[in-house]
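> Sequence and predicted model, in that order:
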Amino acid sequence: METLKAQKTEKKKETSIRITGAEAIIHCLLAEGVDLIYGYPGGAIMPVYDELYKFQDKLTHILTRHEQGATHAAQGYARVNGKVGIAMATSGPGATNLVTGLADAQIDSTPMVCITGQVPRHLLGSDAFQETDIVGISTPVTKWNYQITKASEIPEIMAKAFYIARSGRPGPVLVDITKNAQFDEFDFVYEKCTGVRSYTPAPKPDMNAIKAAAELINNAKKPYIVFGQGVILGEAEAELKALVEKAGIPAAWTILGLSAMDTDHPLNVGMVGMHGNYGPNVLTNECDVLIAIGMRFDDRVTGSLDTYAKQAKVIHFEIDPAEINKNVKADVAVLGNSKQTLELLLPLINENEHKAWRAEFEEKYRIEYETVIKNDLTPTKDGLTMGEVIEQINIASEHKAVIVTDVGQHQMIACRYAKFKQSKSNITSGGLGTMGFALPAAIGAKMGAMDREVVAIIGDGGYQMTIQELGVIFQHNVPVKIVVLNNDHLGMVRQWQELFFESRYASTVMTNPDFVKIAEGYHIKSRRVVERSELKDAVSEMIASKDPYFLEVKVEKEDNVFPMIPSGASVSDIRLK
Amino acid sequence: MEKHWYTISVYSENNVGLLNRISGIFLKRHINIESLNVSKSEIENVSKFTIVVFTHEEWVRKIAGQIEKQIEVIKAFYHTDEETIYQESALFKIASDLLFDERQIQNIIKESNSQIVTVARDFFVLAKTGRKHEIDEMHDALEPYGIMQFVRSGRIAVTKATMPITNILEEFQNQ
């Protein structure tokens, strides 16, 4: 604490109020602009819940049905509007149930503050009832964490928590508060955190690196942009579009970069990665300059690193210095916030069109369309495809919906085919691949953007991992639209078993309950589609509904997602079938 | 790619839990920490971790980057043995009768430049400060006669080049 105090140059004298630690937490949240919390009460956090009761006109608490649901709801909320999501839980099992959401937020850079209750200071380390070392447990999956044991620490630590969660490359922060610190009174003053001396949120842009990048781009014959969530987090969508248009560079996205650029933009060439588009993957190994913007060369994007873009000069625009040369060596590294660096780059860029190079993407798209896309979107076989469901949602929602996906085949299909006009509209668990993410995340997304249509697209496996959150949708009448693409299998694992394990379907066949009846049990309007002829009408009815709506679509049981880069193979070796 | 010895120097805030956070980074990559020392540094309220690893340059670079990324870490450097001045300490507890029965023991004490810290009726304790291989050599020389207890400290090191931590902290103050 001495060092924290040392960080303040001059502490302003303000009038303080004498309140309990629990009440102080509420004041901290209000001072940070929080009006919505997801959580679950329990013994060690009860003083804070007692204050939430008193402050319910200013601060809404949503009781999720499991603490994991609280974290994913907070993530959905944060991803759709850029604000910090809040999840609260008690000690012990309440706290450990937050771990998956923390890990998800950490790997997908989502700003979140989790508050956990803890046993009183004098019981720490004694294996007390519901005591668990959540600071120890959450260390590898948080951007920062801290255990408060004295009420007087609350304002400074809470201010720091919000500052760290939202600044630079965002991430989750966990603040663990012992029960005595919640009960004790102290003189409360709140001051927002404006800096931490050991932490540089965003490196200052280096003009020399930007000039070097501009020179490479201007001299390139086959430049190619791959952008990620860094564009969305840095709010650099307009700068990206300006760069793409000015220099005539084809641009592809990682799964978390999706929606940063209009999917119908003529220079938007699609998705990279394992189930990405054909051209964007194959042509990675034919470009001469690869411009990576706010992405981290995940293994699902690169396939084998030994054969990834070896012919290209690589320019890496990135906020986090630890990402530079981590997976792919950068010839030019441009550190800093993407909006700032792209703004500085733009005036140095020459206008260009790269017509012949762009035609190569169009040619590859035609191949993919004929072999894959046509059959996905306009199938001639009897069974319904996931792709045609997504297409109907695109039509009915006019490309304006926020699409929240879970993990698996439906996720890949949705990300391949969903259409977006607006940023922050694609919410999915990318890095961690957390099944069960979508239903609670959709609740958070809807509450974070009440004016927007929010459609959750979920597989029958992931749906049953957090299905209890239907209780939140019912209790608070959250008008999310839930689409379960039911193939009665854990489809993605089944696909791998078919392709790489000689169709030995170990534990991937599901005997499912009547999902419509379950939704009806929560008084949610529901419908099941088994025939193509009903699909359009059902999707239109769902989108038109002012209330929550559940739609189950029975799709082909053993369809596969293609294209596909087999694990560890080269992007050039992407399979179309 | 060849493995080498590297000394990682981490300047940080003195906060509970940071050691756990830093050691986790090594754990994830299955890199063994050969030696670890935590102490105060030349700057008030700034701690210094001195961590020794035997690995590839590329890995130590990535690890230093990931350590530096931690909120409470001010700066992480890594250096080769040639770029640092370093020392380790060791204590040897040996049966007292050996001092009189085995003449060679006295030669080892003299040649190794070690000090006798204490002599009791049953045992005496030797302290040795030096480089790792010097301590290893002394250990190997004494081992045939029987070592009752042995312990070696973590490496401590200073670098030949400057470590501009004060500048970094001043820059923050002036913002």
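Nice, thanks for sending it over. Numbering: from 1, shown residues only, chains lettered A, B, ... in the order given.
> Residue A:392 contacts residue A:536, doesn't it?
Yes: under the criterion of C-beta atoms under 8 Å, residue A:392 makes contact with residue A:536 at 5.7 Å. In short, each C-beta sits where N, CA and C put it, glycine included.
> Compare those two (neighbour count), which wins?
Taking neighbours as other C-beta atoms under 10 Å in any protein chain shown, residue A:392 and residue A:536 compare with residue A:392 leading, 22 against 15.
> Tell me who's in contact with the more buried one.
Contacts for residue A:392 (C-beta atoms under 8 Å, 6 or more residues apart in numbering or on different chains) come out as A:535-536, A:539.
> Out of these, which comes closest to residue A:576?
Proximity of the contacts of residue A:392 to residue A:576 was ranked by C-beta to C-beta; the top entry is residue A:535 with 25.9 Å.
> doesn't residue A:553 make contact with that closest one?
Yes: if you go by C-beta under 8 Å, residue A:535 and residue A:553 touch, sitting 7.0 Å apart.
> Could you tell me which residues touch both of those two?
Common neighbours of residue A:535 and residue A:553 (C-beta under 8 Å, 6+ apart) are A:384, A:389, A:529.
> just curious, which of those residues is nearest to chain B?
Using C-beta to the nearest C-beta, residue A:389 comes nearest to chain B of those, at 39.0 Å.
> how near is the closest residue to the closest one other than its chain neighbours to residue A:383?
Sequence neighbours aside, residue A:553 is the residue nearest to residue A:389 in space, at 5.2 Å (criterion: C-beta to C-beta, 6 or more residues apart in numbering or on different chains). With distances taken as C-beta to C-beta, to the nearest Å, residue A:553 is found 11 Å from residue A:383.
> cool, residue A:247 as well?
The value you get for residue A:247 to residue A:383, if C-beta to C-beta is used, is 44 Å.
> quick one on the thing from earlier: can you add neighbour count and pLDDT and give the shared contacts of residue A:535 and residue A:553 back as CSV?
Below are the shared contacts of residue A:535 and residue A:553 laid out as CSV (neighbours: other C-beta atoms under 10 Å in any protein chain shown; pLDDT from 0 to 100):
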residue, neighbour count, pLDDT
A:384, 23, 98
A:389, 24, 98
A:529, 23, 98
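> Just these: which are in strands?
In strands, defined here by DSSP state E, the members of the shared contacts of residue A:535 and residue A:553 are residue A:529.
> what's the closest of the shared contacts of residue A:535 and residue A:553 to residue A:122?
For these, the nearest to residue A:122 is residue A:389 (56.7 Å; C-beta to C-beta).
> thought the closest one was touching residue A:552?
No: counting by C-beta under 8 Å, residue A:389 does not reach residue A:552; the two are 10.7 Å apart.
> Identify the contacts common to the two.
Contacts common to residue A:389 and residue A:552, judged by C-beta under 8 Å, 6+ apart, are residue A:483.
> circling back: which SSE is the residue nearest to residue A:389 in?
strand A:549-554 (DSSP states H and E).
> Next: residue A:181.
helix A:179-183.
> returning to that earlier point: so which of the contacts of residue A:392 comes closest to chain B?
Looking across the contacts of residue A:392 and measuring by C-beta to the nearest C-beta, the closest to chain B is residue A:539, at 43.9 Å.
> quick one: contacts for the closest one?
Going by C-beta under 8 Å, 6+ apart, residue A:539 touches A:389, A:392-393, A:395-396, A:551.
> Distance to residue A:437 added to those, as JSON lines?
What follows is these, written out as JSON lines (distance: C-beta to C-beta, whole Å):
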{"residue": "A:389", "distance to residue A:437": "19"}
{"residue": "A:392", "distance to residue A:437": "23"}
{"residue": "A:393", "distance to residue A:437": "18"}
{"residue": "A:395", "distance to residue A:437": "26"}
{"residue": "A:396", "distance to residue A:437": "24"}
{"residue": "A:551", "distance to residue A:437": "19"}
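> which one of the residues you listed sits closest to residue A:357?
Looking across the contacts of residue A:539 and measuring by C-beta to C-beta, the closest to residue A:357 is residue A:395, at 31.9 Å.
> Spit out the contact partners of the one residue sitting closest to the centre of chain B.
With distances taken as C-alpha atoms, centre = their mean, residue B:155 lies nearest the centre of chain B, 1.2 Å away. Residue B:155 is in contact with B:7, B:35, B:37, B:50, B:52, B:86-88, B:132, counting by C-beta under 8 Å, 6+ apart.
> pLDDT value on it, please?
Predicted confidence (pLDDT) for residue B:155: 96.
> Look up how far residue A:309 lies from it.
According to C-beta to C-beta, residue B:155 and residue A:309 sit 40 Å apart.
> what does residue A:322 give?
21 Å.
> cool, residue A:384 as well?
Counting by C-beta to C-beta, the gap from residue A:384 to residue A:309 is 38 Å.
> same thing with residue B:17?
Residue B:17 is 39 Å from residue A:309, by C-beta to C-beta.
> neighbour-wise, which of those two wins?
The residue with more neighbours, out of residue B:17 and residue A:309, is residue A:309; 24 against 15, by other C-beta under 10 Å.
> So the more buried one sits against residue A:286, correct?
No: checked against C-beta under 8 Å, the pair residue A:309 and residue A:286 is beyond contact range at 9.2 Å.
> got a list of contacts for the helix or strand bottoming out on mean pLDDT in chain B?
Between all helices and strands in chain B, the lowest mean by mean pLDDT, DSSP states H and E belongs to helix B:165-174, at a mean of 81. Applying C-beta under 8 Å, 6+ apart, the external contacts of helix B:165-174 come out as A:9, A:195, A:197, B:11, B:41, B:43, B:46, B:74-75.
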